[in-house]
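S.K.: Sharing a model prediction with you, sequence too.
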Amino acid sequence: MNNIFKFRKTKTTWNKGKLVGQKSPLKLKEIWAIRIRLQLSHNLRELALFNLAIDSKLRGCDLVKLKVSDVTQGGSISHRATITQQKTNQPVQFELTGQTREALLDWITKASLKHPEFLFPSKVRSSPHLSTRQYARIVNSWVTSVGLDQTRYGTHTMRRTKASLIYRRTKNLRAVQLLLGHTKLESTVRYLGIEVDDALEIAEATES
């Protein structure tokens, strides 16, 4: 009698065939290459999203849920904003540079967004705001548009970029930790990709 074997259909994992790990931050020349492309294409939505992602250093889950009220005050774009992070439930503050404020104002005006509305509404009816998956696809389109390998970059690239630039200029690990909203020094070290011994030495020097 023949044995009958039943095979279960296996589900392909999301990361099959992809490189998984820490994503590289963007360099200054790459930031400007992407920004100029968005400016030339008059893509106000993505230009505002790109600039805000760089300035805010927020995780994707927090970035996509930002509302107009989070970045405005008295009818103008704020110079600083504070939100509570979803992952840690801790507040984090970030600055909004002049070019980011200008991009946000242009986008909010064009889209006629109101105070309580999400900054980046989804084009899909089932979601009130841009999803993290949609955001990831947009980031992929940004990096590939300037010839970068999309397997090396992702949404965490946007979070790490300005933090890495600040660290390179100042070597102030504590400042970067605060800007990222990390509760542990180890998390900041991992994000910056520096050696633990170097990080501890810098931290001790900063605290003294």
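M.R.: Received the coordinates, thanks.

S.K.: Okay, buried residues for stretch 53-73 please.
M.R.: 53-60, 62-68, 70-72 (16 or more other Cβ atoms under 10 Å). C-betas here are computed from N, CA, C, even on glycine.

S.K.: Quick one: residues contacting G154.
M.R.: G154 is in contact with K23, A136, V139, N140, counting by Cβ atoms under 8 Å, 6 or more residues apart in numbering.

S.K.: neighbours of the closest residue to the last one other than its chain neighbours, just the number please.
M.R.: Same thing as N140. Nearest non-adjacent residue to N140, counting by Cβ to Cβ, 6 or more residues apart in numbering: Q150, 4.8 Å away. Neighbour count of Q150, defined by other Cβ atoms under 10 Å: 16.

S.K.: show me what contacts Q150?
M.R.: Contacts of Q150 by Cβ under 8 Å, 6+ apart are N140, V143, T144.

S.K.: how many neighbours does T157 have?
M.R.: Number of residues near T157 (other Cβ under 10 Å) recorded here: 23.

S.K.: Test my guess that it contacts N140.
M.R.: No: counting by Cβ atoms under 8 Å, T157 does not reach N140; the two are 10.2 Å apart.

S.K.: Return the list of helices and strands in contact with the biggest helix by length in the chain.
M.R.: Ranked by number of residues, the top helix in the chain under DSSP state H is helix 155-170. Packing partners of helix 155-170 (3 or more Cβ pairs under 8 Å, 6 or more residues apart in numbering; DSSP states H and E): helix 44-56, helix 60-63, helix 132-145, helix 173-180, helix 185-192.
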